[in-house]
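**Q** structural data only, the sequence is not supplied:
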DNA sequence: TTCCTGTTGATATCGAGTTGCAATTATAGC
DNA sequence: GCTATAATTGCAACTCGATATCAACAGGAA
Ligand SMILES: [Mn+2]
Ligand SMILES: [Mn+2]
Ligand SMILES: [Zn+2]
Ligand SMILES: [Zn+2]
């Protein structure tokens, strides 16, 4: 039993349990991977990390769990400009939405929060009578380093 | 010869030719499909429409042409929340960027332009020293119709 | 502990998109 | 208009992210 049941349940686990969902060993493992990730991970990276904790976990369960988390609004899915293949990336939904910038040269991902973004969402809800559930603002371009590097 | 060579070249075609790219019959066909599309089309829809004009056109050529158009910043790629499968959708890049809202109930796609969005992009370029090449703001939620329909 | 139902793993399969390569063709130069 | 040549195409095979199926399993209420 690599993952003792007694560990403090993360927020993701608590969220799912409060919604009456069954908490399996595999789910706990996958949730802990998503929750402790310091970067944006794709499904196969999540699988690899989950297997380190519990070699039993199957690829299919990772996909099923990610779909579940998306459906409950607990993780967000990103393209990050599909810079290498068609994979999607996942991150815990933060308190406040943020913007993702992907550098088309070095691949670096930068996050950015902005009042203007919050106001824009407000405008959309008001002017379009559209009830926003999920937002995804992704920007491709060139980061500061790569800009100065390419100026000679 | 369903597509006479004498037809006025569309803007996409003119753009590509001005960049010194070869203008093949297949490309002309695919460009005309993309250019005249009234909705967001995925690759297989583009193929089907292109084949109506020239049954010779191959699936691979559609993908290659879309990649070319993306690389030249002439079309934008969208997920539209991946509501049915993993397809991507394409549209001619407009003068002014717009936002895409996808209704998670009826699937309707709504477009929206906003000064706040333009200002947000300006802020990002300034504050993050990030040179923006492409932006993609996609929002999932519930449209006005579906909201009132679900209120009993 | 029992029972029931939701969940899982193994496998096969789907389907969007890519690759390799020989045949074709656009176009620049004559 | 020809010719030469390098870009482009079509076909087939392939990659790989994601899904469907279904028997076996296990969470958790009673
Ligand atoms: Mn995508
Ligand atoms: Mn659009
Ligand atoms: Zn960079
Ligand atoms: Zn709707």
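**A** Looks like it came in fine. Because the structure is predicted, anything quoted here is derived from the model rather than measured. Ligands and ions are numbered 1, 2, ... in the order given.
**Q** and the closest residue to residue A:83 other than its chain neighbours, how far is that from residue A:82?
**A** Spatial nearest neighbour of residue A:83, excluding adjacent residues (C-beta to C-beta, 6 or more residues apart in numbering or on different chains): residue A:107 at 5.9 Å. Quick note: C-beta positions are derived from backbone N, CA and C, even for glycine. In this view, residue A:107 and residue A:82 are 12 Å apart by C-beta to C-beta, to the nearest Å.
**Q** so those two - more neighbours on which side?
**A** When residue A:107 and residue A:82 are compared for neighbours, residue A:82 comes out ahead with 18 against 13, by other C-beta atoms under 10 Å in any protein chain shown.
**Q** so who does the more buried one touch?
**A** Residue A:82 sits next to residue B:77 when contact means C-beta atoms under 8 Å, 6 or more residues apart in numbering or on different chains.
**Q** chain A: strands as residue ranges?
**A** Taking DSSP state E, the strands of chain A run over residues A:41-42, A:75-78, A:89-92, A:99-103, A:109-112, A:131-142.
**Q** got TSV for these, with distance to residue B:35 and mean neighbour count too?
**A** Formatted as TSV, these follow (distance: least, C-beta to C-beta, whole Å; neighbours: other C-beta atoms under 10 Å in any protein chain shown):
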stretch	distance to residue B:35	mean neighbour count
strand A:41-42	34	18
strand A:75-78	30	20
strand A:89-92	32	19
strand A:99-103	28	23
strand A:109-112	33	16
strand A:131-142	23	19
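**Q** what would those strands look like in TSV with distance to residue B:10 and mean pLDDT?
**A** TSV is the format used below for the strands of chain A (distance: least, C-beta to C-beta, whole Å; pLDDT from 0 to 100):
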stretch	distance to residue B:10	mean pLDDT
strand A:41-42	37	98
strand A:75-78	33	97
strand A:89-92	35	97
strand A:99-103	30	98
strand A:109-112	36	97
strand A:131-142	25	98
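**Q** need these in JSON lines with distance to chain B, can you?
**A** Listed next are these as JSON lines, based on distance: least, C-beta to the nearest C-beta, whole Å:
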{"stretch": "strand A:41-42", "distance to chain B": "13"}
{"stretch": "strand A:75-78", "distance to chain B": "8"}
{"stretch": "strand A:89-92", "distance to chain B": "12"}
{"stretch": "strand A:99-103", "distance to chain B": "5"}
{"stretch": "strand A:109-112", "distance to chain B": "6"}
{"stretch": "strand A:131-142", "distance to chain B": "4"}
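**Q** tell me which of those lies nearest to residue A:123.
**A** Smallest distance to residue A:123 across those (C-beta to C-beta): 10.8 Å, for strand A:131-142.
**Q** so which residue is smack in the middle of chain A?
**A** For chain A, the residue nearest the mean C-alpha position is residue A:91 (1.4 Å; C-alpha atoms, centre = their mean).
**Q** residue A:80 is in contact with that one, correct?
**A** No. Contact criterion C-beta atoms under 8 Å: residue A:91 and residue A:80 do not qualify, at 10.2 Å.
**Q** tell me, what's touching the two both at once?
**A** Residues within reach of residue A:91 and of residue A:80 at once, by C-beta under 8 Å, 6+ apart, are residue A:40.
**Q** what segments of chain A are helices?
**A** Taking DSSP state H as the test, the helices found in chain A are A:11-18, A:25-36, A:43-53, A:59-71, A:115-128, A:144-150.
**Q** any part of the third one near DNA strand D?
**A** Think helix A:43-53. Yes. Interface with DNA strand D: helix A:43-53 contributes A:43, A:44 (C-beta under 7 Å from any atom of the strand).
**Q** what lies in contact with that helix?
**A** Outside of helix A:43-53, the residues within contact range by C-beta under 8 Å, 6+ apart are A:2-3, A:26, A:29-30, A:32-34, A:37, A:41, A:57, A:59, A:62-63, A:66, A:87-88, A:90.
**Q** ok, residue A:114 to DNA strand D distance?
**A** Taken as C-beta to the nearest atom of the strand, to the nearest Å, the spacing of residue A:114 relative to DNA strand D amounts to 27 Å.
**Q** that older thread, need the strands of chain A in CSV (columns: distance to ligand 3).
**A** Below are the strands of chain A laid out as CSV (distance: least, C-beta to the ion, whole Å):
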stretch, distance to ligand 3
strand A:41-42, 20
strand A:75-78, 18
strand A:89-92, 17
strand A:99-103, 3
strand A:109-112, 9
strand A:131-142, 6
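**Q** got a markdown table for these, with distance to DNA strand C too?
**A** Written out in a markdown table, the entries for those read as follows (distance: least, C-beta to the nearest atom of the strand, whole Å):
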| stretch | distance to DNA strand C |
| --- | --- |
| strand A:41-42 | 14 |
| strand A:75-78 | 15 |
| strand A:89-92 | 16 |
| strand A:99-103 | 16 |
| strand A:109-112 | 20 |
| strand A:131-142 | 15 |
